[in-house]
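1. what's the 3D shape of this:
(one chain, ligands or ions: 3)
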Amino acid sequence: MTIAEPAAALGREIVAHIDELAAISAEPGVITRVFLTPEHRAAADLLMGWMRDAGMSAAIDAIGNVVGRYEGEQDGLPCLMLGSHYDTVRNAGRWDGPLGVITAIACVGALHRRGRRLPFAIEVVGFADEEGVRFASTLLGSRAVAGTFDARALDSIDRDGITMREALRAFGLDPGAIATAAHAPGAVLGYVELHIEQGPVLEAEGLPVGVVSAISGATRLSVTLTGMAGHAGTVPMALRRDALTGAAECILAIETYCRGHAGLVGTVGQIAAEPGATNVIPGRVGFTMDIRTAGDDRRKAAVGDLTAAIEAAARRRGLEVAITVTHENRTVNCAGWLKAQVAAAVAAEGYAVRELPSGAGHDAMAIADIADMAMIFVRCRGGISHHPDEHAELGDVEAGAKVLLRLIETFSPRDNAR
Ligand code: HGY
Ligand code: MN
Ligand code: MN
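-> Ligands and ions are numbered 1, 2, ... in the order given. Below you'll find the model as predicted:
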């Protein structure tokens with residue numbers, strides 16, 4: 001069952017749509033598209049138009065995901081769910097997320113043009129917030145679909161002091177209706193997400209696609225250090241309780257610790273110093289931590305050690321410290337039966353089967369709460385991601401589309417009910 005139309009046509013369609021979507025951004029010249037913003041709405045409208053062109057019904061759900069549905073041989077059948085996220089980090093690349101959504105839409109379009117219906121429905125979901133840029137927690141859209149959305153997140157505030165609840169209302173959504181986005185477990189036969197690798201392995205081995213084995217868990221924390229603001233010209237160094245130099249010591253301790261533990265990665269991506277004036281000793285500093293490694297126990301041990309190190313540094317410096325976990329996700333294994341079907345599709349398209357873990361998080365780790373999941377990786381240049389230089393070659397985009405379409409046409413639901 002190869003693609004009736006040349007893969008090159010699918011690849012060109014996908015790349016053209018990637019470029020069109022990339023133009024929708026909060027700021028010209030870079031790609032920034034965060035949750036519940038005008039650019040989120042514009043991107044949703046664009047995706048729904050492509051979904052309808054591909055023969056799907058399309059709608060925005062209660063949390064801002066776009067959901068396209070292509071019925072099977074009869075209406076209302078359980079679905080194979082495909083998709084990824086369409087929000088981005090700030091100054092992002094154009095492939096992280098959108099490649100999975102747009103490739104899935106293109107594959108359904110190919111089926112539609114052939115009048116092909118399958119013994120199951122297909123749902124393509126563009127998840128509204130996987131990156132967690134605007135509000136500290138992440139996987140918001142996929143958690144809503146999985147029925148695991150934590151309503152306490154509605155009280156989180158963005159950098160302008162707007163709560164998620166207020167942002168949802170301003171977007172035209174009802175914060176009280178998020179539960180309606182949840183799918184019943186039996187309704188989803190399996191979930192397959194196509195995504196760029198965001199790492200160097202496929203490129204290093206000269207492979208266009210890969211089969212994901214597991215997705216590493218992650219812990220995100222928010223740290224606040226409080227000292228004493230003061231006059232930069234009059235307070236002697238020995239009498240200062242400088243929150244920013246305290247944060248600097250903590251941040252270097254995080255780096256040193258993670259460098260000393262193989263496979264552990266720690267990142268401080270955001271920092272803010274108050275009051276933020278050249279001639280004022282910073283009285284308060286907030287920074288974020290992102291800690292990851294393949295094993296959940298090792299990650300939790302690292303978080304414990306780093307928390308203790310930060311608290312000790314704060315004590316030495318006479319600083320108050322508050323540390324809160326803003327996001328936690330366990331390591332999730334891809335389901336063997338579904339991963340095997342992905343591997344078979346890769347082999348059937350003539351590509352080497354290369355299993356590899358994902359250090360990056362994905363919506364698949366949230367959907368795993370209601371359905372078995374698997375992932376297809378597509379090679380990206382230099383493994384670069386979360387950066388404007390992120391890039392996937394047309395040939396690799398075609399390879400991903402061929403594998404995903406082959407997977408769809410050969411998909412055989414596992415008998416076990418979930
Ligand atoms: O942070 C991650 O791993 C994903 O890109 N959101
Ligand atoms: Mn990302
Ligand atoms: Mn992503």
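
2. Tell me which residues touch the spatially most central residue of the chain, please.
-> Centroid-nearest residue in the chain, with C-alpha atoms, centre = their mean: residue 130, separated by 3.7 Å. Residue 130 is in contact with 84, 85, 87, 97, 138, 139, 140, 141, 142, 361, 362, 363, counting by C-beta atoms under 8 Å, 6 or more residues apart in numbering. (C-beta placed from N, C-alpha, C; glycine too.)

3. cool, residue 396 as well?
-> By C-beta under 8 Å, 6+ apart, residue 396 lies in contact with 208, 209, 378, 379, 380.

4. Now for the closest residue to ligand 1 within the stretch 1-150 of the chain, how many residues are close by?
-> Proximity of the stretch 1-150 of the chain to ligand 1 (C-beta to the nearest ligand atom) peaks at residue 131, 4.7 Å away. Close neighbours of residue 131, defined as other C-beta atoms under 10 Å, add up to 22.

5. centre of the chain versus stretch 188-198, how much separation?
-> The chain centre lies 11 Å from the centre of stretch 188-198; the measure is C-alpha atoms, centre = their mean, to the nearest Å.

6. so what's the residue nearest to the centre of the chain closest to, chain neighbours aside?
-> The shortest distance from residue 130 to any non-neighbouring residue, by C-beta to C-beta, 6 or more residues apart in numbering, is to residue 85 (3.3 Å).

7. Residue 374 too?
-> Spatially, and ignoring its direct neighbours in sequence, residue 374 is nearest to residue 338 (4.0 Å; C-beta to C-beta, 6+ apart).

8. Which pLDDT does the model give the one you found?
-> On pLDDT, residue 338 comes in at 98.

9. so after the helix or strand hosting it, what's the next helix or strand?
-> Residue 338 belongs to helix 336-348 when assigned by DSSP states H and E. Next in sequence after helix 336-348, counting helices and strands by DSSP H and E, comes strand 355-358.

10. Just list what that following strand packs against, helices and strands only.
-> With contacts defined as 3 or more C-beta pairs under 8 Å, 6 or more residues apart in numbering; DSSP states H and E, strand 355-358 has these neighbours: strand 209-215, strand 373-378.

11. how far does the first one sit from the chain's center?
-> What separates the centre of strand 209-215 from the centre of its chain is 15 Å, taken as C-alpha atoms, centre = their mean.

12. Then the shortest one?
-> Taking the mean C-alpha point of strand 373-378 and that of its whole chain, the gap between them comes to 13 Å (C-alpha atoms, centre = their mean).

13. doesn't residue 313 make contact with residue 249?
-> Yes - taking C-beta atoms under 8 Å as the definition, residue 249 is a contact partner of residue 313 at 5.0 Å.

14. Now the top helix by length along the chain: buried residues?
-> Secondary structure assigned by DSSP state H gives helix 296-316 as the longest helix of the chain. If you call a residue buried by 16 or more other C-beta atoms under 10 Å, then helix 296-316 has these buried ones: 298, 299, 300, 302, 303, 306, 307, 309, 310, 313, 314.
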